[in-house]
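Novice: sequence first, predicted coordinates after that:
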Amino acid sequence: MNGKGLKNYEGLYGDNQLPFPKNFIHHELLAVRSELYDWEIDQHLHTDLYQLFIFTKGSGTVLAEQRRIPLRPPCVLMIPTNTLHGFAFQAGMEGDVFTFSESSLEHLFSDAKHVLLEINQLRQLTFEDSKVSFGEVLWLKEKTIRELDEVQPEKQRILQHLTQLLFLSLYRISLESVMTVPKSDNRTLAYFLSFQKLIRHSVHESKTIQQYARELNITSVHLNRICQALVKKSALQLVHDFLTAEAKKYLLNTTFSLSEVSYRLGFKDPAYFSRLFKKQTELSPRAFRQQNGRSL
C-alpha cells in the first residue's frame, strides 16, 4: 500500500502487519477500532478477508461500490472480500465486527456452494419482516464470542458449527429479501465461484476465457453456459464487469494517471482500456473521473 494508491490491508483496518492465517476468525467490538479514527473509516479493501458487521444501536453510513447506504440498526452488513468500503458512524454506535479469512468460509461451505454464492454479496440485512429474529442472530453472536474467548475441548469444531449456523441464518434472511439465482447443482456453483476467484486474483494479468476455462479443467463453452445459467451473462462480460469495477476504484480513490490505471489492470494499450471502459459505462475514464469530482 502506498500514499498514491488504494488502501489495501492484509490485516484489519490500520493494521497491515498481521495477515490472517487460513481458517481464522476474529472478533472485536465496533468501538475498539472506530474510536481510534474518530468514527470515520476511510475507504479501503481487504483482498482475502470477509467481514460481518452486526449493528445493535446508533446510526451511520457505509460507502461502498459508489453507493452511500444508510445503516439502520438492528441490522447486519455483509462485506465480501475485495470490496472497497468506508464508514461514517454516529459517535457511540454499538455493534460487533467479525472477520473471516476467505479460505475459512470456503472450507465451511465447501458442500453448499449456493450459500457461499449468496453470502458473498454486499448486503444490509434488516429484520422487520424476517422469519429469523434479530434475537436469534444475537444469541449465535454471543455464543461465538464466548467460544472465541475461552479455551475448551473441541473449540475449533464448535466455532465452525456456530459460524455455519450464523451464516445459514443470514442466508435465509437474504433469500427473503432478494431475488435468488436459479437452482443449480453444487458442481456448477463450484465452477462459477472458482471462476470469480480466478478473475479477482488475476486482475493484473490479461487472460482469455479459454485460459480461465483451462484452469478450471472445463471448456470455454461449458464456462459460458454456467455463467449464462446463473447470472445471464457471458464469461467475458463478467471479466469486463470486474475490470470496470476495479477501474472505478482506482479512478475515484487514487491519483494514478489513466495510463497507470490501465497497466495495473493488465492492459498493455491504454487506448483499448479507455474504449472498453466507455463501452461499459458510456463515459471515458477521464470523463468518469471528472464527473465524480476528481482531477486528473
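Specialist: Received, thanks. Residues are numbered from 1 along each chain as shown.
Novice: packing partners of whatever helix or strand Gln160 lives in?
Specialist: Gln160 belongs to helix 155-177 when assigned by DSSP states H and E. When contacts are defined as 3 or more CB pairs under 8 Å, 6 or more residues apart in numbering; DSSP states H and E, helix 155-177 packs onto strand 75-79, helix 102-108, helix 113-119, strand 123-126, helix 134-149. (Glycine included, C-beta is placed from N, CA and C.)
Novice: how about 10 Å then?
Specialist: For helix 155-177, the packing partners by 3 or more CB pairs under 10 Å, 6 or more residues apart in numbering; DSSP states H and E come out as strand 25-29, strand 49-57, strand 75-79, strand 94-101, helix 102-108, helix 113-119, strand 123-126, helix 134-149.
Novice: redo the ones you listed as TSV? Include mean neighbour count, distance to Arg225 and mean pLDDT.
Specialist: TSV is the format used below for those (neighbours: other CB atoms under 10 Å; distance: least, CB to CB, whole Å; pLDDT from 0 to 100):
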stretch	mean neighbour count	distance to Arg225	mean pLDDT
strand 25-29	16	36	94
strand 49-57	20	28	96
strand 75-79	21	28	96
strand 94-101	20	31	96
helix 102-108	18	23	91
helix 113-119	20	16	91
strand 123-126	18	27	92
helix 134-149	16	37	95
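Novice: I'd like to know how many residues surround the closest residue to Glu176 other than its chain neighbours.
Specialist: In this structure, Glu176 finds its nearest non-sequential neighbour in Ser130, 5.8 Å apart by CB to CB, 6 or more residues apart in numbering. The burial count assigned to Ser130 is 17, neighbours taken as other CB atoms under 10 Å.
Novice: let me see the contact set for Ser130.
Specialist: Glu136, Val137, Ser169, Arg172, Ile173, Ser174, Glu176, Ser177 (CB atoms under 10 Å, 6 or more residues apart in numbering).
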